[in-house]
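> Here is a sequence together with a model predicted from it:
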Amino acid sequence: MTVTGHIFGYYYICKRKVWFAAHRINMENGSELVALGKLLDETSYKREEHGISVEDFMNIDYLKNNIIHEIKKSDKQSESSVAQVKFYLYHLHLRGLDLKGRLDFPLQKKSVEVLLDEKDLREIPETIKEVERIIDGKRAPDVANIKACKACAYYDLCMI
Ligand code: SF4
């Protein structure tokens, strides 16, 4: 199964979430939080080009002035969001495109620059291998019981 940007980002939240998403166990559609995220994605920065797909595993929100942008509803899971943008920058770098990234938080009216450095170039391929190892597992990893569970689309699946 292919590691996508979203799945790579989930690794920084919960390994069980990685496995569910990769195995297309999808409860996101019914989640109000996810619906809000999608609405923001569709209505924010209307003048920009949306939804750039690269080789079916990268879905970049938009590109402007050689900067790739990812729109998020909140900066609460910023480690995961930064990792997602770095994942895109890494794969673009491998294809000869050295770009910058930016996380946009329209509700908070702020944005954060994301750059790829030498450490990322060493660590991202290792993390991708770890994500693949989780995905290849026959069973989902154990319930994490973390703060993020409360807002997770898989809450009912894990906690009830
Ligand atoms: S509810 Fe918690 S344990 Fe379950 S997938 Fe979400 S974050 Fe992971």
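In hand now; what should we look at?

> ranges for the strands of this protein?
Along the chain, the segments classed as strands by DSSP state E run 52-54, 58-60, 62-64, 67-71, 100-105, 110-114.

> could you check the angle strand 67-71 makes with the last one?
When you say that, I think you mean strand 110-114. 130 degrees (axes from the mean of the first three to the mean of the last three C-alpha atoms, to 10 degrees).

> Any buried residues in strand 110-114, and which?
For strand 110-114, a neighbour-count test (16 or more other C-beta atoms under 10 Å) marks 111, 114 as buried. Using the backbone N, CA and C atoms, a C-beta is placed for each residue, glycine as well.

> For the chain, which residues are neighbours of the ligand?
Counting by C-beta under 6 Å from any ligand atom, the positions of the chain adjacent to the ligand are 14, 16-17, 20, 143-144, 146, 148-149, 152, 154-155, 158.

> Looking at neighbours, which among these is most surrounded?
Lys17 (26 neighbours; other C-beta atoms under 10 Å).

> Excluding chain neighbours, what is closest to that residue?
Excluding the flanking residues, the one nearest Lys17 by C-beta to C-beta, 6 or more residues apart in numbering is Tyr10, at 4.6 Å.

> Number of residues surrounding the one you found?
There are 26 residues near Tyr10, going by other C-beta under 10 Å.

> okay, now Met58: neighbour count?
18.

> Longest helix of this structure, counting residues only.
Longest helix in the chain by number of residues (criterion: DSSP state H): helix 118-136.

> distance between that one and the chain's centre?
14 Å (C-alpha atoms, centre = their mean, to the nearest Å).
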